[in-house]
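Q: Structure for this input, please:
(one chain, ligands or ions: 1)
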Amino acid sequence: MANALRTVSKCGIAGLLSASRHGPCRLPHLLGQKMTNSTSSKVKVDLDPTTGVAVMCMQSPPVNSLNLELLTEFASTLEKLEMDKGCRGVIITSSVPRIFSAGLDILEMFRTSPEHCADFWKAVQEMWLKLYGSNLATIAAINGSSPAGGCLVSMACDYRIMADNPRYSIGLNETKLGIVAPYWFRDTMANTVGHRTTERALGLGLLYSPQEALEVGLVDELVPEDQVLTTATQTMGKWLAIDEHARQVTKSLMRKPTVDKLLFNREADVQNFVSFITQDSVQKNLGMYLKMLKSRKA
Ligand SMILES: CCC/C=C/C(=O)SCCNC(=O)CCNC(=O)[C@H](O)C(C)(C)COP(=O)([O-])OP(=O)([O-])OC[C@H]1O[C@@H](n2cnc3c(N)ncnc32)[C@H](O)[C@@H]1OP(=O)([O-])[O-]
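A: Modelled structure (predicted):
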């Protein structure tokens, strides 16, 4: 048990599970490396070495849609931070005005090959496993709209602060696209807002205004738009003031059953996704939704 807990404190829940099944957690070469500031094409990272808090900023205009490249960078950035002994907390935010993330990139799932859909889905799984299972304290600084996959990223954090702007929305709206939110999206939401609210939200594909999201507990706090990041930084102080080991093990106890469900069924989940998303009727729905997005612009 003591060994397991030591492993948890380095690698998070996903790390513990991969350690138990495949030997020590991955990327051991990153241990001890210091990442103070790095800019890749889609994710900018700033780690403050004095506080141990990193800001991970999605910067993929026009809407931070989560495509294969962004998802892969997101997961590998998080993995590096997780292994960096100088990092204790991560704030996730966006540099794209008015948008946190438009969710999964529909173009990755529309008229692409089953092989591509499978690769894409593995990247979605990996991002979620890393974030939801992270041992770091994580805060979503939601400075814009955050539908579907954007909401999943937010919910996978420990705490959510959203800009109090009624033009923004957040929620799992998959049914509005004629698609089904996978069980681990559902579970993440149910763990955040409870079963009944999730049932209603998923059934109706609800996108909540910030005020409504606060009322159902989908976000924890609303602040003026220009204070989202500063509030996230102040709030992070509270999380980091808690005994680190106690916080990490408590988080693991809360989230491990949900993480395990996917971790031990990853391949079946990929197959389910591919056979679902490649159906003619589903492709037709995605095509209509894309058309609707474009026509809204015109
Ligand atoms: C089982 C699977 C589970 C699925 C989970 C998901 O996350 S499913 C995802 C569910 N996500 C949603 O339902 C969100 C859909 N998006 C929106 O509601 C709005 O784009 C917005 C509110 C995020 C931003 O509004 P705004 O007025 O600031 O911006 P705009 O609307 O003018 O868009 C600019 C350009 O980006 C394009 N594009 C946008 N999103 C996506 C996307 N996800 N992907 C690809 N492309 C996307 C849009 O077509 C346009 O392209 P164009 O014409 O320039 O070639």
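
Q: interface residues of the stretch 1-150 of the chain facing the ligand?
A: Neighbours of the ligand within the stretch 1-150 of the chain, by CB under 6 Å from any ligand atom: 62-63, 65, 98-99, 102-107, 145, 147-149. Any C-beta I mention is one placed from the backbone N, CA and C, and that applies to glycine too.

Q: just the buried members of the residues you listed?
A: V63, S65, I99, A102, G103, L104, D105, I106, S145, P147, A148, G149 (16 or more other CB atoms under 10 Å).

Q: Turn the residues you listed into CSV, columns for secondary structure and pLDDT.
A: Compiled in CSV, those are given as follows (DSSP: H, G, I helix; E, B strand; the rest coil; pLDDT from 0 to 100):
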residue, secondary structure, pLDDT
V63, coil, 98
S65, coil, 98
I99, strand, 98
A102, coil, 98
G103, coil, 98
L104, strand, 98
D105, coil, 98
I106, helix, 98
S145, strand, 98
P147, strand, 98
A148, coil, 98
G149, helix, 98
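
Q: How is the residue most central in space within the chain classified with respect to secondary structure?
A: For the chain, the residue nearest the mean C-alpha position is V153 (2.1 Å; CA atoms, centre = their mean). Following DSSP: H, G, I helix; E, B strand; the rest coil, V153 is assigned to helix.

Q: and the nearest residue to it once chain neighbours are set aside, how far is that from I142?
A: Nearest in space to V153, with sequence neighbours left out and distances taken as CB to CB, 6 or more residues apart in numbering, is S101 at 6.1 Å. Using CB to CB, to the nearest Å, S101 is found at 9 Å from I142.

Q: Low-confidence regions, the protein specifically.
A: Across the chain, the ranges flagged by pLDDT under 70 are 1-40, 298.

Q: neighbours around the closest residue to P62 other than its chain neighbours, how many?
A: Nearest non-adjacent residue to P62, counting by CB to CB, 6+ apart: V96, 7.1 Å away. Here the number of neighbours of V96 (other CB atoms under 10 Å) works out to 20.

Q: now swap in S209 and tell me
A: Using other CB under 10 Å, S209 has 18 neighbouring residues.

Q: same deal with T93?
A: Using other CB under 10 Å: T93 sits among 22 other residues.

Q: Phi, psi for it please.
A: The phi/psi pair for T93 (degrees, to the nearest 10) reads phi -150, psi -170.

Q: how about the strands of the stretch 51-200 of the chain, start to end?
A: With strands called from DSSP state E, counting those that start in this stretch, the stretch 51-200 of the chain shows them at 53-58, 89-94, 137-142, 146-147, 159-163, 170-171.

Q: Could you work out the most separated pair of the residues of the stretch 1-150 of the chain next to the ligand?
A: Greatest spatial distance among those (CB to CB): R98 and L107, at 20.6 Å.
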